[in-house]
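1. what's the 3D shape of this:
(chains A, B, C and D)
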There are 2 protein chains.
Amino acid sequence: MNLKQLSDMLALSQTTVSRALNGYPEVSEETRRRVADAAKRHGYRPNPSARRLATGKAGMIGYVMPTGAAVDIDPHFVEFLSGLGDYARGHELDLVLSPADADEEETTYRRVVANKQVDAVYVSSPRPADRRVSLLNQLGIPFIVHGRSEGLDFDYAFLDIDNEAAFHDAARLLVQLGHTRVALINGDLGETFAILRERGARRALAASGLALAPERMRSAAMTEENGFRAATSLLQGDAPPTAILCSSLIMALGVVRAIRDLGLSIPGDVSVIAHDDVFPWLKPENFSVPLTTTRSSIRAAGQRIAERLAAKISGLESDPRGEVWPVDLVVRGSIAGAKS
Amino acid sequence: MNLKQLSDMLALSQTTVSRALNGYPEVSEETRRRVADAAKRHGYRPNPSARRLATGKAGMIGYVMPTGAAVDIDPHFVEFLSGLGDYARGHELDLVLSPADADEEETTYRRVVANKQVDAVYVSSPRPADRRVSLLNQLGIPFIVHGRSEGLDFDYAFLDIDNEAAFHDAARLLVQLGHTRVALINGDLGETFAILRERGARRALAASGLALAPERMRSAAMTEENGFRAATSLLQGDAPPTAILCSSLIMALGVVRAIRDLGLSIPGDVSVIAHDDVFPWLKPENFSVPLTTTRSSIRAAGQRIAERLAAKISGLESDPRGEVWPVDLVVRGSIAGAKS
DNA sequence: ACTGTCAGCCAAAGCGCTTTGAAGACCTCT
DNA sequence: AGAGGTCTTCAAAGCGCTTTGGCTGACAGT
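-> Numbers count the residues shown, from 1 in each chain, chains lettered A, B, ... in the order given. Predicted structure coming up:
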């Protein structure tokens, strides 16, 4: 059933039927009802390809997915997808994933935009002065960044959590508990979120005259194994930390294993605070010693991003504003006062 | 730059240019070269919307993503995505995710197919006599199932690992080691993979006159917490198992925690074998006691599925054949002979 | 009674591609 | 020389929608 058949059936022109269906004002209420009725009864659905060709609108949002033999997609991504789905279903909003070689992302963005395959784009894991953000800004397609990029000379839309405050508060709490040797096991320092977390922790320590020494920092992809390695090397050095801040729950698994392997205890010998992105399959309260966390749900962020993206597409959101969410600090058994 | 401009520029008709570019035979070699040349030089790329409208081909593959407040997308999904990306990048093959309410998937499949939004579809986590598979078969769109569905009266294309053999072999190994009380902590028994794993384990036990008693089986979503609960209740019952088969590495985290919490040891008191889907962020060899696993990479499966989907789209694969991959059994320190 | 306005509808022109049906050019064969 | 092929190329007709630019008739204003 296409528009022509439907309009023939109603003895109306395609114009009128199209307008009736798309809510244009120049159609009488009665006609609109008749049309809507017939459309529903016959299960008419406009052909999206045709509509896209005519309007240039795609009704989809895009994501250029970096891949490559050496690239692993983050498990965090599914949480984002869950959130996106929460909003998108019921709104008939689809997501197009365009896999791209990690070093050819720009080409792919250009292709996707030039082809008008999508109406808006989602960008994740931004780095400082991220080129993707500049490119999208320049190409003029609506987009929203999950996280943020520093050092760009224009405003852009983003949604980020307050990583700096989260790690500031976590570090401050440790200091208040008497810890002076606090270590930070971070994600890839190329990404802004890691930089901000470091900054927050550093600021909190500095406020008490303490330093976040380079030898008490580690930075790597957030795997269990890297968490283990980082914690092991930290704790085996001299003047080992009495408290560890950790950027991810997955890494924290390795941290906990390292601590145990060394015959140390949590929180007796080492206090641990980790960041929790709220995975349904791994919960900080279920660690052998329940983990104190800074918590923020990626899924919730995914929902909000989908919502804002939809708003951008329909022109409801136009100013390039950033949105920063506060982060919970949830205290559980993994922290204690420093041994005196 | 569109086809008209390009053909004007070359003083050729749109027909000829289109044919030259799409490799039709009725174009002289010289013309073809000229056209290809000009196209490259001016960066001409056919508008996919227009092409789609004309041909009905979309150049994308689809996935209907079940979502809902109570639905969590599996972290396994990213591994699949990584694999898909491995193949798809370089082939300009995109993936469309259509979120759907978990109980309205059929509607969404119909919509996606009716709209010709995608050329082929990927189906995951099939159940016995899966209705999605019947539907797609009936709608006549190329598709491929990751896993398999039993009890359908037609053939269809699928890629599965040999879950039954994997758990058969794992169980047999435990029996050979003298274990008589073997437990199985499985995923959702509604899904075929879980049924097959149970069947495999059961068969191996039966071969030695042993039974897989219902009270030694647990089935739940594969989270750390569920692994913990299942193992705890198993080990606290009477005649507790001396060996546990576990369907996922994430659950195994909980299993290990439970064993430790109960003051038991691996493999001294309990042997453990888990299935490993090969996550880059959680490796069985890094468990405090390295875990014996049945191993099969989901990422590799994703690659293969993308490849076959592409083949189906271009008509190279037409027969509905199933492909079953063998599963490695990798022995590590978590198993030992049963205490006599 | 005449003009102006406006609501409601329509025909037709795109959007950029593929594909059908034909036609011109150039040979070969009888 | 004319019939019959084979190569190349082309004009034009879709694909199914949106949107521009009228057109018509009813009603209000003067």
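2. can you give me the helices in the stretch 151-300 of chain A?
-> In the stretch 151-300 of chain A, the helices defined using DSSP state H, counting those that start in this stretch lie at A:163-176, A:192-206, A:224-236, A:249-261, A:298-313.
3. So for DNA strand D, which of these sits nearest?
-> DNA strand D lies closest, by Cβ to the nearest atom of the strand, to one member of the helices of the stretch 151-300 of chain A: helix A:298-313, at 13.8 Å. No exception for glycine: its C-beta is placed from N, CA and C like everyone else's.
4. tell me what the helix or strand following that closest one is packed against?
-> Next helix or strand after helix A:298-313 toward the C-terminus (DSSP states H and E): strand A:322-325. On a contact count with 3 or more Cβ pairs under 8 Å, 6 or more residues apart in numbering or on different chains; DSSP states H and E, strand A:322-325 meets strand A:158-161, helix A:298-313.
5. For strand A:322-325, the averaged confidence score.
-> Average pLDDT, strand A:322-325: 98.
6. and for it, what are the contacting residues?
-> With Cβ atoms under 8 Å, 6 or more residues apart in numbering or on different chains as the test, strand A:322-325 has contacts from A:148, A:155-162, A:296, A:301, A:304, A:308.
7. ok, it: who's next to it in the sheet?
-> For strand A:322-325, the paired strands and their directions (DSSP bridges) read strand A:158-161 (parallel).
8. So for residue A:65, which of the helices and strands packed on strand A:322-325 sits nearest?
-> Counting by Cβ to Cβ, residue A:65 lies closest to helix A:298-313 out of the helices and strands packed on strand A:322-325; the figure is 15.0 Å.
9. CA-only coordinates of the closest one, as PDB, when you get a sec.
-> Written as PDB, here are the backbone C-alpha positions of helix A:298-313 (Å, rounded to 0.1, in the frame of the first residue of the first chain):
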ATOM      1  CA  ILE A 298      25.500   5.000  31.900                       C
ATOM      2  CA  ARG A 299      22.200   3.600  31.000                       C
ATOM      3  CA  ALA A 300      20.500   6.700  32.300                       C
ATOM      4  CA  ALA A 301      22.900   8.800  30.300                       C
ATOM      5  CA  GLY A 302      22.000   6.800  27.200                       C
ATOM      6  CA  GLN A 303      18.400   7.600  27.700                       C
ATOM      7  CA  ARG A 304      19.000  11.300  28.100                       C
ATOM      8  CA  ILE A 305      21.200  11.400  25.100                       C
ATOM      9  CA  ALA A 306      18.700   9.700  22.900                       C
ATOM     10  CA  GLU A 307      16.100  12.200  24.200                       C
ATOM     11  CA  ARG A 308      18.300  15.200  23.400                       C
ATOM     12  CA  LEU A 309      19.300  13.800  20.100                       C
ATOM     13  CA  ALA A 310      15.600  13.400  19.200                       C
ATOM     14  CA  ALA A 311      15.000  17.000  20.300                       C
ATOM     15  CA  LYS A 312      17.800  18.200  18.200                       C
ATOM     16  CA  ILE A 313      16.500  16.400  15.100                       C
END
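10. Can you give the domain ranges for chain A?
-> A:3-46, A:60-161+A:300-325, A:163-297 (automatic domain parsing).
11. With mean neighbour count and distance to DNA strand D as added columns, please give the ones you listed in a markdown table.
-> Shown next, in a markdown table, are the domains of chain A (neighbours: other Cβ atoms under 10 Å in any protein chain shown; distance: least, Cβ to the nearest atom of the strand, whole Å):
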| stretch | mean neighbour count | distance to DNA strand D |
| --- | --- | --- |
| domain A:3-46 | 14 | 3 |
| domain A:60-161+A:300-325 | 19 | 13 |
| domain A:163-297 | 21 | 36 |
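12. Indicate which one of those is closest to residue B:116.
-> When these are compared by Cβ to Cβ, domain A:3-46 sits nearest residue B:116, at 11.2 Å.
13. Name whatever forms a beta bridge with residue A:145.
-> Per DSSP bridges, the residues bridged to residue A:145 are residue A:123, residue A:158.
14. Was I right to think it contacts residue A:157?
-> Yes: using Cβ atoms under 8 Å, residue A:145 is in contact with residue A:157, at 6.9 Å.
15. need the strands for the stretch 51-200 of chain A, in chain order.
-> Using DSSP state E, counting those that start in this stretch, the strands of the stretch 51-200 of chain A run over A:60-67, A:94-101, A:120-124, A:143-146, A:158-161, A:182-186.
16. I'd like those strands as a markdown table, with mean pLDDT and distance to residue B:83 appended.
-> A markdown table is the format used below for these (pLDDT from 0 to 100; distance: least, Cβ to Cβ, whole Å):
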| stretch | mean pLDDT | distance to residue B:83 |
| --- | --- | --- |
| strand A:60-67 | 95 | 9 |
| strand A:94-101 | 95 | 10 |
| strand A:120-124 | 97 | 19 |
| strand A:143-146 | 98 | 23 |
| strand A:158-161 | 98 | 29 |
| strand A:182-186 | 98 | 28 |
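17. out of the ones you listed, nearest to residue B:53?
-> Among those, strand A:60-67 sits nearest to residue B:53 (Cβ to Cβ), with 15.9 Å.
18. name the helices or strands packed onto the closest one?
-> Packing partners of strand A:60-67 (3+ Cβ pairs under 8 Å, 6+ apart): strand A:94-101, helix A:105-114, strand A:120-124, helix A:298-313, helix B:76-88.
19. residues in the stretch 51-200 of chain A within reach of chain B, list them.
-> A:52-53, A:58, A:60, A:65, A:67-69, A:71-75, A:77-79, A:81-82, A:84-86, A:88-90, A:92-101, A:104, A:111, A:114-117 (Cβ under 8 Å from any Cβ of the partner chain).
20. ok, now which ones touch residue A:266?
-> A:256, A:259, A:272, A:289, A:333-334.
21. Can you pick out the most distant pair from those residues?
-> Top of the distance list for the contacts of residue A:266 (Cβ to Cβ): A:259 and A:333, 13.7 Å.
22. okay, residue A:262: pLDDT?
-> Residue A:262 is assigned 97 on the pLDDT scale.
23. With residue A:116 instead?
-> Taking residue A:116 on its own, its pLDDT is 89.
24. Greatest separation within the contacts of strand A:322-325: which pair is it?
-> A:155 and A:296 (23.2 Å).
25. any chance of the helices and strands packed on strand A:322-325 in TSV, with distance to residue A:178 too?
-> Putting those into TSV (distance: least, Cβ to Cβ, whole Å) gives the following:
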stretch	distance to residue A:178
strand A:158-161	28
helix A:298-313	33
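26. Nearest to residue B:315, out of those?
-> Of these, nearest to residue B:315 by Cβ to Cβ is helix A:298-313, at 35.3 Å.
27. The closest one vs chain B: in contact?
-> No: using Cβ under 8 Å from any Cβ, helix A:298-313 never reaches chain B; the gap is at least 8.7 Å.
28. Can you sort out which of the residues of the stretch 51-200 of chain A next to chain B also neighbour DNA strand C?
-> Taking Cβ under 7 Å from any atom of the strand as the test, DNA strand C is in contact with residue A:53 out of these.
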